[in-house]
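Chemist: Need coordinates for the below:
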Amino acid sequence: MIRLIFENVYRALILIVLQIFILNNIELGGYINPYLYILVILLLPLATPAWLTQIISFLIGFIIDSIVSTPGMHTTACVFIGFLRPFVLKYIAPRDGYNPDTEVSIKDLGFSWFMRYVILLTFAHHAFLFFVEAFNLVNFEHTIVRVLLSGIFSVSLIILYQYLKFEKTKKR
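Modeler: I've put the predicted structure just below:
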């Protein structure tokens, strides 16, 4: 249990630093902004209670907002996907349910399950974040394109992260 807590805290620190110092500096044509830090929320253990998911989501979003000076945008988007996570997990649950020891990963739950999970929550996060950022529907098409392109890029980075992590654990 303690190992799991330390592993998640370590992953959160690495992803936050990576997001702030590298990924926040990527803006391709004003349309692609990758957000890998949401993996902190997505990879929480399946048995994490909804209230704890909300608190962790709030803290992660608040840390990002505090550092990049975006007043509440990342916090609300993170809390939104933290709220949606239990519903998405229930919606895409395997027929036999989840094994309590199962880790949220491609390796343990399969590529198809993981893709549905990541796509649903990543696009929900990006849509919420970009529409809060735009704060109007005047440039609706522009915002939708940003959601789609950033979502595709973020999902690609998440899958790459999963395969790099899987290869690392496979070699041990």
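Chemist: Once you drop chain neighbours, what's closest to Leu42?
Modeler: Leu121 (5.9 Å; Cβ to Cβ, 6 or more residues apart in numbering). Every C-beta, even on glycine, is put in place using the N, C-alpha and C of the backbone.
Chemist: Okay, and the one you found sits in which element?
Modeler: helix 111-134 (DSSP states H and E).
Chemist: for Gly82, same thing?
Modeler: For Gly82, the host element (DSSP H and E) is helix 73-91.
Chemist: before we move on, back to that, next, the buried residues of the helix holding Leu121.
Modeler: 113-114, 117-118, 120-131 (16 or more other Cβ atoms under 10 Å).
Chemist: For the chain, just list every one of the helices.
Modeler: 2-21, 39-42, 50-68, 73-91, 106-109, 111-134, 140-171 (DSSP state H).
Chemist: For Ile38, give me its contacts.
Modeler: Ile38 makes contact with 78, 81, 121-122, 125, 154 under the criterion Cβ atoms under 8 Å, 6 or more residues apart in numbering.
Chemist: For Ile2, see how far away it is.
Modeler: 25 Å (Cβ to Cβ, to the nearest Å).
Chemist: Likewise for Met73?
Modeler: In terms of Cβ to Cβ, Met73 sits 34 Å off from Ile2.
Chemist: What of Phe87?
Modeler: 30 Å.
Chemist: And the pLDDT at Val138?
Modeler: You'll see Val138 listed with a pLDDT of 81.
Chemist: Tell me, how many residues neighbour it?
Modeler: Neighbour count of Val138, defined by other Cβ atoms under 10 Å: 9.
Chemist: And it, how far from Ser150?
Modeler: 19 Å.
Chemist: cool, and Ile38?
Modeler: Distance from Ile38 to Ser150, by Cβ to Cβ: 11 Å.
Chemist: try Tyr161
Modeler: With Cβ to Cβ as the criterion, Tyr161 and Ser150 are 16 Å apart.
Chemist: Among these two, which residue is more densely surrounded?
Modeler: Between Tyr161 and Ser150, counted using other Cβ under 10 Å, the more crowded position is Ser150 (25 against 16).
Chemist: That one against Ile32, yeah?
Modeler: Yes - counting by Cβ atoms under 8 Å, Ile32 is a contact partner of Ser150 at 5.4 Å.
Chemist: Low-confidence bits of this structure, can you list those?
Modeler: Residues of the chain meeting the criterion pLDDT under 70: 1, 166-172.
Chemist: Now the residue most central in space within the chain: phi and psi?
Modeler: Closest residue to the average C-alpha location of the chain: Ile38 at 2.5 Å, with Cα atoms, centre = their mean. Here is the backbone geometry of Ile38 (degrees, to the nearest 10): phi -70, psi -10.
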